[in-house]
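Enquirer: Pasting a predicted model and its sequence here:
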Amino acid sequence: MIPVLTIDQIREAEAEADRLGYPYARMMQDAGGVVADLAADYARKNVPSEPRFTLLIGSGNNGGDGLVAARKLRENLPDSQVRCLMLTRRDDDPLFEAAQAAGVFFVYTEDDHDGRVIKQMVGSADIILDALFGFGVRLPIRDDAQKILRFTRQALNERATARRPRPLNDPTSSGQIERPPKQWVIAVDCPSGLDCDTGDLDKYSLNADETVTFIAAKPGLMTFPGAAAVGKLYIAPIELPEGVKLEKRSQVSLIDNETARDLLPVRRLDGNKGSFGRALIIGGSANMPGAVGLAANAAYHSGAGWVAIASVPKAISALQTHLLEPVWISLPDSHGFISPDATESLSSLLPTLNSVLVGPGLGETEATANFILRLLTMTREAEKSPAWVLDADGLNVLSGVSEWWTHLPKEAIITPHPGEMGRLCGITTAEVQADRLTIAREKAKAWGCVVVLKGAHTLIAAQDGKIAFSPFKTDALAKAGTGDVLAGMITALRGQGLKAFDAACLGVYLHGLAGTLAAERVGAASGVLASDVVAAIPLAWDRLVQG
């Protein structure tokens, strides 16, 4: 996985690299080269001729990266216009002199009293590169730096909202207005004004379309509100000396494609349904039958060989005509919810299973709470028990039980969204969201389970302190039922033999990729349904296999 390092850890890694013969000057050359390549590639694909670049250049190493990028853009795209807005003068800086010799045009903030030049340079640009501040910025942004960002934001907004009338009889027009070409914003290392440790964001920060960061990912790039300003995130392939062991500096990582592919369970050609795991989905109620159906379908699409649904008769009746593959286990009900006595119906089945999911659509009643506690007690006392995943109402009813975590089976996985996590912790949702990483890590250790804290850049926390971030943030997954899909996927992967943390990481990655692919198929993320995500799981799996 890609290491995720704090500001202090990045500084320590840079200092060690410098001591081992990889000096800061070379770091800036390499980083600026990567940025220039990314910007030039975008220009070649989207700007037919004479692309115009405007770079915001700060006083530190981040500004140095920007100066290198400016020079290389002029060298690689001779027909381009490259202009730099300088926060401070760097007249004796060799990087500045090299960029000036290459034909880069410079403007100094101190000479632009009313921001008119800044707005003109930004408003006329095709591509803006934000190299004002790197990962070490302190908030709030003040003085001339604030001036640059404030006028840059104004220019971007004015360009984005500009409209030009189009003739009513124009057959190529889809309406009566035409927007100017979109400007592309690339952040160097991080959007200026983003705290790379906490995700706090200055009110004048720019929203990047792409962020290219160096050495490692930073927690603030995956933490909101800052994550909303990052856009697409790239980790630059800078070759550090072998002695700089990034993975030893942190237990936090970002799941990448290669790691997820390596976690895929082996699919034997001579396998049968028993080879790929027997999974049971327990949940559903008279008024909420759909959740268990989504979870079961997701489990099947994630490779499970045999999936059963245990629910109340009314839920089963509502689903049976739509789902042909699951085995159905009818449980006694109490006013439309699963009765505590239902554990007797499952006692002989549980030892034959590889994995169990409990919670989707279960309902929050005294009966369901008693049912879950009896079920967990029976599991803990059994000689052989399946792997457990708890989700949704399974967690909500447990949150009302004193020291509920003492009832969990070993190596259990829980998959709360922030509201459910707040109830489990006895704190507010806002408190959870304010420090997701710390809370997930501390609670996974205290509760003795793997915690999947859902949301954009979902967090997976293990009992030993390991943390993994999902690289995905998409509103395609902001729909009822997508959490049930994720729980079903993790249950299937757990049943195929993956360890709890690995199953959670792979399930989260495939879920995010499936959501992204579903949005492409549907045409808009806002129109994606949970069932669309289920249908895209095989596509995500294949995309991962193909690399």
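Expert: In hand now; what should we look at?
Enquirer: And stretch 517-524, what's buried?
Expert: Taking 16 or more other Cβ atoms under 10 Å as the neighbour-count basis, stretch 517-524 is seen to contain the buried residues 517-519, 522. In short, each C-beta sits where N, CA and C put it, glycine included.
Enquirer: can you give me the offset of it from its chain's centre?
Expert: Mean C-alpha position of stretch 517-524 versus that of the full chain (Cα atoms, centre = their mean, to the nearest Å) differs by 18 Å.
Enquirer: can you pull out the helices in the stretch 101-250 of the chain?
Expert: Counting by DSSP state H, counting those that start in this stretch, the stretch 101-250 of the chain has these helices, from start to end: 116-123, 143-161.
Enquirer: list the helices and strands the last one packs on?
Expert: Using 3 or more Cβ pairs under 8 Å, 6 or more residues apart in numbering; DSSP states H and E as the contact criterion, the neighbours of helix 143-161 among helices and strands are strand 52-57, helix 116-123.
Enquirer: Now that helix: buried residues?
Expert: 144-145, 147-149, 151-153, 155-156, 159.
Enquirer: C-alpha coordinates for that helix, CSV please?
Expert: The C-alpha trace of helix 143-161 is given here as CSV (Å, rounded to 0.1, in the frame of the first residue of the first chain):
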residue,chain,number,x,y,z
ASP,A,143,-1.3,39.1,3.6
ASP,A,144,-0.1,38.8,0.0
ALA,A,145,-0.7,35.0,-0.1
GLN,A,146,-4.3,35.6,0.8
LYS,A,147,-4.4,38.3,-1.9
ILE,A,148,-3.2,35.9,-4.6
LEU,A,149,-5.7,33.2,-3.6
ARG,A,150,-8.6,35.6,-3.2
PHE,A,151,-8.2,37.2,-6.6
THR,A,152,-7.4,33.8,-8.2
ARG,A,153,-10.7,32.5,-6.9
GLN,A,154,-12.5,35.5,-8.2
ALA,A,155,-11.1,35.1,-11.6
LEU,A,156,-11.9,31.4,-11.7
ASN,A,157,-15.5,32.0,-10.6
GLU,A,158,-16.0,34.8,-13.1
ARG,A,159,-14.7,32.6,-15.9
ALA,A,160,-16.8,29.6,-14.8
THR,A,161,-20.0,31.7,-14.7
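Enquirer: Tell me the gap between it and the middle of its chain.
Expert: Between the centre of helix 143-161 and the centre of its chain there are 28 Å (Cα atoms, centre = their mean).
Enquirer: what about that helix, average pLDDT?
Expert: For helix 143-161, the per-residue pLDDT values average out at 94.
Enquirer: Quick check: Cys190 vs Gly136, distance?
Expert: Relative to Gly136, Cys190 is positioned 10 Å away (criterion: Cβ to Cβ, to the nearest Å).
Enquirer: Mutual contacts of these two, please.
Expert: Taking Cβ atoms under 8 Å, 6 or more residues apart in numbering as the contact definition, Cys190 and Gly136 share the neighbouring residues Cys196.
Enquirer: More neighbours: the two, which one.
Expert: Here Cys190 and Gly136 are set side by side on neighbour count (other Cβ atoms under 10 Å), and the busier one is Cys190, at 29 against 17.
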